[in-house]
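[1] Build me a structure from this.
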Amino acid sequence: MEGKLSEDYTLDPTMQYSLRGAFIIENNGVLTIPGGTIITADSGGTEVYIAVLQGGEININGNAGNPVVMSSTTGSPGDWGGLTLCGNASTTAGVDASAEVGGFIYGGTDDVDSSGIIRYLQIVGTGAQINPESQYNGISFYGVGSGTLVDHVAIINGSDDGVEFFGGTVNASNLLVWSQGDDAIDIDQAYSGVIDNAVVVLGAVSYTHLRAHET
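    The predicted structure is shown next:
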């Protein structure tokens, strides 16, 4: 898997998928990932990630018995870039802000915007280093709206934040962050959603677990 998607596409859970570079879901693109699907990311650092741009959607439809798994081969911290979603909801960065990840555009005035569904996802081995000041998170929500569903997500062995919300209004429930290198849950740019039932398990390299700040 790599390249750009601008149409509807559904993965086959009976197949093994390799993420070999950047896979970008563009405006009008919809990627559907059924429960039980396994995506193995190359240990390619910042060149390997999945991004959903404004107007695109990702529908991760895992369940308790068959989650969707995204992991590098060893699941080691910093192996790959993780998952980034860019929406049209409000942030203090304004409209058409530029994300530190890929320079993608995010932020607008549609607080009920939808970037899709993330349900029963395990994401492992993220946090690749972008520069001395920045790293990828397990999942980054840039201006993502409340029409997006996020429920039962586990972020494991990330070398930076487990999950970070850059403004937006998306709600998230049943989050597990296990052994992150920086913050477990980071809240920026006047994020105004609700986080319900979050569990943090600190690892040997974890130094803090929850932070809220403005930029």
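[2] per-residue pLDDT, the spatially most central residue of the chain?
    By C-alpha atoms, centre = their mean, the mean C-alpha position of the chain lies nearest to Ile139, the distance being 2.4 Å. The confidence metric pLDDT takes the value 95 at Ile139.
[3] try His209
    Among the per-residue scores, His209 holds a pLDDT of 40.
[4] what about the protein, any weak spots by pLDDT?
    Applying pLDDT under 70 to the predicted model, the residue ranges of the chain that meet it are 131-134, 204-215.
[5] And the closest residue to Leu175 other than its chain neighbours, which helix or strand is it part of?
    For Leu175, the nearest residue in space outside its immediate sequence neighbours is Ala198; the separation is 4.3 Å by C-beta to C-beta, 6 or more residues apart in numbering. (C-beta placed from N, C-alpha, C; glycine too.) With elements delineated by DSSP states H and E, Ala198 resides in strand 195-201, which encompasses its position.
[6] Buried residues of that strand, list them for me.
    If you call a residue buried by 16 or more other C-beta atoms under 10 Å, then strand 195-201 has these buried ones: Ile195, Ala198, Val200.
[7] Do I have it right that the first one meets Asp186?
    No - the criterion here is C-beta atoms under 8 Å, and Ile195 misses it with Asp186 at 11.3 Å.
[8] so who does Met62 touch?
    Careful, residue 62 is Gly and not Met. Ile33, Pro34, Gly35, Gly36, Thr37, Val68, Arg119, Tyr120, Leu121, His152 (C-beta atoms under 8 Å, 6 or more residues apart in numbering).
[9] The first one and Asp186, how far apart?
    Plainly put, Ile33 is 25 Å away from Asp186 if you go by C-beta to C-beta, to the nearest Å.
[10] Check the second one too.
    Here the criterion is C-beta to C-beta. By it, Pro34 lies 30 Å from Asp186.
[11] Which of those two has more residues huddled nearby?
    Taking Pro34 and Asp186 together and counting by other C-beta atoms under 10 Å, Asp186 has the greater number of neighbours (22 against 17).
[12] Specify the beta-bridge partners of the more buried one.
    The bridge-partner assignment for Asp186, based on DSSP bridges, gives Glu164, Arg211.
[13] is it true that it touches Val163?
    Yes - proximity of Asp186 to Val163 meets the contact threshold set by C-beta under 8 Å, at 7.4 Å.
[14] Between those two, which contacts overlap?
    Both Asp186 and Val163 are contacted by Asn137, under the criterion C-beta under 8 Å, 6+ apart.
[15] and Ile155, what element?
    Under the assignment here (DSSP H and E), Ile155 is part of strand 149-158.
[16] which other helices and strands contact that strand?
    The criterion is 3 or more C-beta pairs under 8 Å, 6 or more residues apart in numbering; DSSP states H and E, and the helices and strands that strand 149-158 contacts are strand 116-124, strand 172-180.
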